[in-house]
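>>> Please find the sequence and the predicted model below.
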Amino acid sequence: MAWTYGMGVGMAWMWIFPVLFLVGLALFFAVFVRGVGPSFCGRSPENDGGPRPGVPEESPKEILDRRYAKGEITREQYLEMKKDLE
């Protein structure tokens, strides 16, 4: 009778199950995060990027005023764009 020091067929399965468990756990979290992600932020996947319910939409003039107030555009750009909107 040959002694294999406990390295029989049973030992081969001892490393497969933890690997399968970790792969399954990673897949579960990937699906969970992907499924919950957009709605967790207050948007549904169907309405991604559109206006949010309960939040009033800004007019072009308000957007222009906000951009000028933030310093994203210069005074000259602001006056030119404001003239274009009128």
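Happy to help now that I have it.

>>> How many residues are close by residue 64?
Using other CB atoms under 10 Å, residue 64 is surrounded by 19 other residues. In short, each C-beta sits where N, CA and C put it, glycine included.

>>> With adjacent residues omitted, what lies nearest to it?
Spatial nearest neighbour of residue 64, excluding adjacent residues (CB to CB, 6 or more residues apart in numbering): residue 81 at 5.5 Å.

>>> buried residues in the strand or helix carrying that neighbour?
According to DSSP states H and E, residue 81 maps onto helix 75-85. For helix 75-85, burial by neighbour count (16 or more other CB atoms under 10 Å) applies to 78, 81.

>>> tell me the mean pLDDT over it?
In this model, helix 75-85 has a mean pLDDT of 93.

>>> Poorly predicted segments of this structure, please.
Across the chain, the ranges flagged by pLDDT under 70 are 1-13, 35-55.

>>> quick one, helices of it?
Remark: helices assigned in the chain by DSSP state H are 9-40, 60-70, 75-85.

>>> the domain parsing of the chain - what is it?
Per automatic domain parsing, the domain ranges recorded for the chain read 12-41, 57-86.

>>> right, so those: which one is the most enclosed?
Ranked by mean neighbour count, those are led by domain 57-86 with a mean of 12 (mean count of other CB atoms under 10 Å).

>>> That one: end-to-end distance?
Taking CA to CA, to the nearest Å, the first and last residues of domain 57-86 lie 19 Å apart.

>>> do you know how far residue 86 is from residue 68?
Separation of residue 86 from residue 68 (CB to CB, to the nearest Å): 15 Å.

>>> and what of residue 76?
Applying CB to CB, the value for residue 76 to residue 68 is 11 Å.

>>> again, but for residue 16
Separation of residue 16 from residue 68 (CB to CB) stands at 63 Å.

>>> related to what we said a few turns ago, pretty sure the residue nearest to residue 64 sits against residue 63.
No: at 9.7 Å, residue 81 does not count as touching residue 63 under the criterion of CB atoms under 8 Å.

>>> okay, and the common contacts of the two?
Counting by CB atoms under 8 Å, 6 or more residues apart in numbering, residue 81 and residue 63 have no common neighbour.

>>> quick one: contacts for residue 79?
Per CB under 8 Å, 6+ apart, neighbours of residue 79: none.
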